[in-house]
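1. sharing a sequence plus its predicted fold:
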Protein chains: 2
Amino acid sequence: MKKHLSVILTFAFAVISSPLLAQSSDPLPSWNEGSTKQAIIQFVSEVTDSDSANFVAPADRIATFDNDGTLWSEKPMYFQILFALDQIKAQAADHPEWKTTKPYSLVLNDQLDKLTADDLIQLVLQTHTGVISDEFTAVVKNWINTAKHPVTGAPYTDMLFQPMLELLDFLEDNGFKNFIVSGGGNAFMRAWASDVYNIPSERIIGTQLATEFVNVDGSYQVKRMPGVVVNNDKVEKPLQIYQHIGKRPIASFGNSDGDLQMLQWTTSGPGPRLAMYVHHTDEKREWKYDRESSVGKLDKGLDEAKEKGWLVADMKNDWVQIYPSK
Amino acid sequence: MKKHLSVILTFAFAVISSPLLAQSSDPLPSWNEGSTKQAIIQFVSEVTDSDSANFVAPADRIATFDNDGTLWSEKPMYFQILFALDQIKAQAADHPEWKTTKPYSLVLNDQLDKLTADDLIQLVLQTHTGVISDEFTAVVKNWINTAKHPVTGAPYTDMLFQPMLELLDFLEDNGFKNFIVSGGGNAFMRAWASDVYNIPSERIIGTQLATEFVNVDGSYQVKRMPGVVVNNDKVEKPLQIYQHIGKRPIASFGNSDGDLQMLQWTTSGPGPRLAMYVHHTDEKREWKYDRESSVGKLDKGLDEAKEKGWLVADMKNDWVQIYPSK
């Protein structure tokens, strides 16, 4: 068995044209020609070719994608944190005491650099819990449709990565099931990610906050409660994939050390495997960061990718464009 | 909004013929004509009729099914417990000390009536954990293909409920997504349920045992560990549906008080809702039990079904046949 097919694929420069691929035209137009693009196409070509020794039945074509930094940007901080900060400002009128109470006062006075990690958790729990599940979904939907990114001024859904959207479609068109496996909250993501990525709600796996079953005047509801049940990062990613899907992915995509264990588990299965890191190398069109970044740190993963021949998509060189055209 | 549409549907005896239903012939041939069958057909007809005020978009046609006692039998004890007992016997040769160590000795000497609830948990953890995930799946697959039920002598998959298999197909054919939401272990079920119910692995929600991410000679694996992370019963069912799917079902099917909260949550949403209990009333063809049973106790749920007009499928009177024909 070729356990590390990606090692070989990385160096497979030859243009592949397979009649079995669902698209006859270029399925990845926002990817520059090169080894990364060709390795992806070669992998999909082989696992969908019933004459190939590397054929994989559709039911086992499981692909898992990290979200923040892999499918959309994550700077200057995770967009879910920016949602929380927006909510604090929106709720401030109902909480006059916040003007003089940390960490709320830091948000209201735009002293974000003084927020500690514990402060951020407190702000997230304040803005994500204490409400019935349906109400929270409505709040996130309203935010994603109206909020603007503090640096680009663009709606957040304009900051998805066009090449990754094409990759999602390419896999879906070839019988794969795509899953999101993110450190982001599952309910936060489901409010918008299902639509923009064309991925059903149950294929979005994320961090789980606590819940409680409540009776509200004879109507039964799920209430969101302060508390983190599953922090879906690092080791928890493969474990949650196992609990949620029950199958090992054959392809995984991430951008940080938080995705390393997901890529390790994916590539430890038999048969053809694809692992890819998105490397943020483009300070002009997006952001440039890796080993030293506080958000989306990619250090051990970059070394292991090189050692094991995993794909590394260089945003500057591999991607024709970063964000979708308007 | 008709919050309790099922109340009305229960009394809708008139035969409905809708051109929108996917089947032109009888979609539920193992169901006797009567109010239960007609209420199911009426519900599906309405939610799939785009001209109906009760139309539901396909993405929201979520149906959740309990497994033990709802889709297959559960007597004399849950089949997963019978699997555990079979495994204890199969492993006994490697554990000579079990001959004189409780609870193992009770199993080996066929003194099952002396097993306590704690004993059963110990036996389940002994036979379900301490192994790599892929190995456990292989063990269950081998068991389901070879084991025989202690009372009927039949393979366990011969003890599925034919009328419920037809109901799963009927819903699937009409754009529903079916999910299993069971107190059974998620990995135990996925080894066979995906095939026999035609439900993808990620739509099987069950009890979660602990896991650990391990490095075995450079290969990364998920190891199953002794410990219960989620006991997917009662209140946990709607909460796990929320964490896993992120949507409230519009139809739910159960057979015991352990399913009550799932049915309560399902019927507390707006628009058309269907809730149904399978009532074990046929001591000749299956088993007869409800309020006093230690397995599959149906007491509070039976009262609430009557009070709220939920459907109750009477196995003796509503079902033409129980098990699939051979």
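-> Nice, I can see it.
2. and A:T101, how many neighbours?
-> 12 (other CB atoms under 10 Å in any protein chain shown). C-beta: built from backbone N, CA, C; applies to glycine.
3. tell me the contacts of it?
-> Applying CB atoms under 8 Å, 6 or more residues apart in numbering or on different chains to A:T101 gives no contacts.
4. quick one: it and chain B, what's the gap?
-> As judged by CB to the nearest CB, to the nearest Å, A:T101 and chain B stand 31 Å apart.
5. do the same with A:D318
-> Look at A:D318 and chain B: by CB to the nearest CB, they are 27 Å apart.
6. in which helix or strand would I find the residue nearest to that residue when sequence neighbours are not counted?
-> Of all residues not flanking A:D318 in the chain, A:T36 sits nearest, at 4.9 Å (CB to CB, 6 or more residues apart in numbering or on different chains). Following DSSP states H and E, the helix or strand that holds A:T36 is helix A:35-47.
7. which strands and helices sit next to that helix?
-> Judged by 3 or more CB pairs under 8 Å, 6 or more residues apart in numbering or on different chains; DSSP states H and E, helix A:35-47 is in contact with helix A:5-10, helix A:162-173, strand A:274-279, strand A:311-314.
8. got a list of what the residue nearest to A:F170 when sequence neighbours are not counted touches?
-> Taking CB to CB, 6+ apart, and ignoring the residues beside it in sequence, A:F170 has A:P27 as its nearest neighbour in space, at 4.3 Å. With contacts taken as CB under 8 Å, 6+ apart, A:P27 has the following neighbours: A:L21, A:I41, A:E166, A:D169, A:F170, A:D173.
9. isn't the fifth one up against A:L28?
-> Spelled out, it's A:F170. Yes - between A:F170 and A:L28 there is a contact under CB atoms under 8 Å: 6.2 Å.
10. going along the chain, name the strands of the stretch 1-150 of chain A.
-> Shown for the stretch 1-150 of chain A, the strands assigned by DSSP state E, counting those that start in this stretch span residues A:62-65.
11. center of chain A, which residue is that?
-> Centre of chain A computed as the mean C-alpha position; nearest residue by CA atoms, centre = their mean is A:N67, 0.9 Å away.
12. and the closest residue to it other than its chain neighbours, how close does it get to chain B?
-> Here the nearest residue to A:N67 in space, its sequence neighbours aside, is A:S182; by CB to CB, 6+ apart that works out to 3.7 Å. Using CB to the nearest CB, A:S182 is found at 13 Å from chain B.
13. where's the helix or strand containing A:S182 relative to the chain centroid, distance-wise?
-> Using DSSP H and E, A:S182 falls within strand A:177-185. Its chain's C-alpha centre and that of strand A:177-185 lie 6 Å apart, by CA atoms, centre = their mean, to the nearest Å.
14. likewise for stretch A:183-192?
-> If you compare the mean C-alpha spot of stretch A:183-192 with that of the full chain, they lie 10 Å apart, counting by CA atoms, centre = their mean.
15. could you dump that stretch to CSV, C-alpha only?
-> These are the backbone C-alpha positions of stretch A:183-192, laid out as CSV (Å, rounded to 0.1, in the frame of the first residue of the first chain):
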residue,chain,number,x,y,z
GLY,A,183,-12.3,25.1,16.7
GLY,A,184,-15.1,27.5,16.0
GLY,A,185,-18.4,27.0,17.8
ASN,A,186,-20.7,24.5,16.1
ALA,A,187,-23.8,26.7,16.4
PHE,A,188,-21.9,29.8,15.4
MET,A,189,-20.7,28.2,12.2
ARG,A,190,-24.0,26.4,11.3
ALA,A,191,-25.8,29.7,11.2
TRP,A,192,-23.9,30.7,8.0
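16. chain B contacts on the stretch 1-150 of chain A?
-> Counting by CB under 8 Å from any CB of the partner chain, the positions of the stretch 1-150 of chain A adjacent to chain B are A:A59, A:S133, A:D134.
17. and of the residues you listed, the nearest to chain B?
-> Nearest to chain B out of the residues of the stretch 1-150 of chain A next to chain B is A:S133 (CB to the nearest CB; 5.9 Å).
18. sorry, back to before: from memory the residue nearest to A:N67 sits against A:D66, does it?
-> Yes - A:S182 lies in contact with A:D66 (CB under 8 Å); the separation is 5.8 Å.
19. tell me which helix or strand in chain A has the weakest average pLDDT.
-> Within chain A, no helix or strand scores below helix A:5-10, which has a mean of 42 by mean pLDDT, DSSP states H and E.
20. just to revisit the earlier point, so which of the contacts of A:P27 is surrounded by the most neighbours?
-> A:I41 (23 neighbours).
21. what about A:W192, distance to chain B?
-> Relative to chain B, and taking CB to the nearest CB, A:W192 is found at 12 Å.
22. quick one, grab the pLDDT at the closest residue to that residue other than its chain neighbours.
-> For A:W192, the nearest residue in space outside its immediate sequence neighbours is A:I144; the separation is 4.3 Å by CB to CB, 6+ apart. In this prediction, A:I144 carries a pLDDT score of 98.
23. ok, A:T129 - contacts?
-> Applying CB under 8 Å, 6+ apart, we find A:T129 in contact with A:L209, A:A210, A:R224, A:M225, A:P226, A:G227.
24. ah, wrong one, I meant A:L125
-> When contacts are counted by CB under 8 Å, 6+ apart, A:L125 touches A:L209, A:P226, A:G227.
25. give me every residue that touches the closest residue to A:Q91 other than its chain neighbours.
-> Once flanking residues are discounted, A:Q91 sits nearest to A:T127: 7.4 Å by CB to CB, 6+ apart. A:T127 is in contact with A:F83, A:A84, A:Q87, A:I88, A:Q91, counting by CB under 8 Å, 6+ apart.
26. and which of those is nearest A:G269?
-> A:F83 (35.4 Å; CB to CB).
27. once you drop chain neighbours, what's closest to the closest one?
-> A:W143 (5.5 Å).
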